[in-house]
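Enquirer: just a sequence and a predicted model for now, questions to come.
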Amino acid sequence: MTHTISVIVGSLRAGSFARKIARNAIALMPDGFEANIVPIGELPLYNFDYDDPASPGTPTPAEYTRFRETIKASTGVLFVTPENNRTIPACLKNAVDIGSKPNSDVAWRGLPAGIISHSVGRMGGYSSQKNLRLALSYFDMPLPGQPEVFLGQSPTLLDDSGAFVDERTREFVRDYVARFAALVALTAERGRAA
Ligand SMILES: Cc1cc2nc3c(=O)[nH]c(=O)nc-3n(C[C@H](O)[C@H](O)[C@H](O)COP(=O)(O)O)c2cc1C
């Protein structure tokens, strides 16, 4: 069985360090795992009217449906995010909210998740990662407990081609990706929580 991992990057910036880190993580996925970045920049801002049967004049945007179907077809989701004003960037929160509705068919429910946060400073996006964990906590998503991956001073971790400069960073992320992949495989084996 091939596991399909949706990778969600919490930055829309062309030169995003988060996207470069995500590409490194994708390259470190073990055999049997296929991971792809799912774009979130085109998702309209969340508005419950789109999902509210009482508002027939505002049909669900095709972008929402496509995004939800992509997530639901995945066996795991890996978030790679920077921090904006001590929480997750708005584009990522928007994607989390879109995946959280409708209540009868929540795209995130039971899906194993991994989180890698980064910052250009020394804190590694600590607050962003903790806030993302909080936002996901309602969806019964299994997450690896340890290690937690906070990549500080991210510009120094990457070379001009976007690859990790230091072997220790690569091995740290490889180990995390392997633990996340094992959790995905275990969850798939047991059957995703209803
Ligand atoms: C609106 C805004 C708010 C930010 N707030 C934080 C913050 O709270 N903590 C932090 O470590 N960095 C903060 N930064 C710096 C970003 O982490 C930095 O721009 C980073 O490169 C963005 O990630 P990216 O390279 O993946 O786009 C902020 C940047 C912006 C534009």
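Expert: Thanks, I have the structure now.

Enquirer: and the helices in this protein?
Expert: 17-27, 62-72, 90-99, 126-136, 167-190 (DSSP state H).

Enquirer: list the buried residues of the shortest one.
Expert: The neighbour-count check on helix 90-99 (16 or more other C-beta atoms under 10 Å) flags 91, 92, 93, 94, 95, 96, 98, 99 as buried. The way it works is simple: take the backbone N, C-alpha and C, and place the C-beta from them, glycine included.

Enquirer: and if you look at the second one?
Expert: When burial is assessed from 16+ other C-beta under 10 Å, helix 62-72 yields the following buried residues: 64, 67, 68, 70, 71, 72.

Enquirer: measure stretch 78-89 end to end?
Expert: Terminal residues of stretch 78-89 are spaced 16 Å apart (C-alpha to C-alpha, to the nearest Å).

Enquirer: low-scoring stretches of this structure, by residue?
Expert: Low-confidence segments of the chain, defined by pLDDT under 70, are located at 192-194.

Enquirer: can you list the residues of it near the ligand?
Expert: Contact residues, the chain versus the ligand (C-beta under 6 Å from any ligand atom): 11, 13, 16-18, 82-86, 119-121, 123.

Enquirer: OK, contacts around the residue nearest to residue 163 when sequence neighbours are not counted?
Expert: Nearest non-adjacent residue to residue 163, counting by C-beta to C-beta, 6 or more residues apart in numbering: residue 24, 6.6 Å away. Residues in contact with residue 24, defined by C-beta atoms under 8 Å, 6 or more residues apart in numbering, are 162, 163, 164, 170, 173.

Enquirer: likewise residue 107?
Expert: By C-beta under 8 Å, 6+ apart, the residues touching residue 107 are 67, 68, 71, 72, 99, 100.

Enquirer: these: which two are farthest apart?
Expert: Spatial extent of the contacts of residue 107 (C-beta to C-beta) is set by the pair 72 and 100 at 12.6 Å.

Enquirer: what's the burial count for residue 23?
Expert: When neighbours are counted by other C-beta atoms under 10 Å, residue 23 registers 18.

Enquirer: shouldn't it be in contact with residue 162?
Expert: Yes - using C-beta atoms under 8 Å, residue 23 is in contact with residue 162, at 6.1 Å.

Enquirer: buried ones among the contacts of residue 24?
Expert: Buried, going by 16+ other C-beta under 10 Å: 164, 170, 173, out of the contacts of residue 24.
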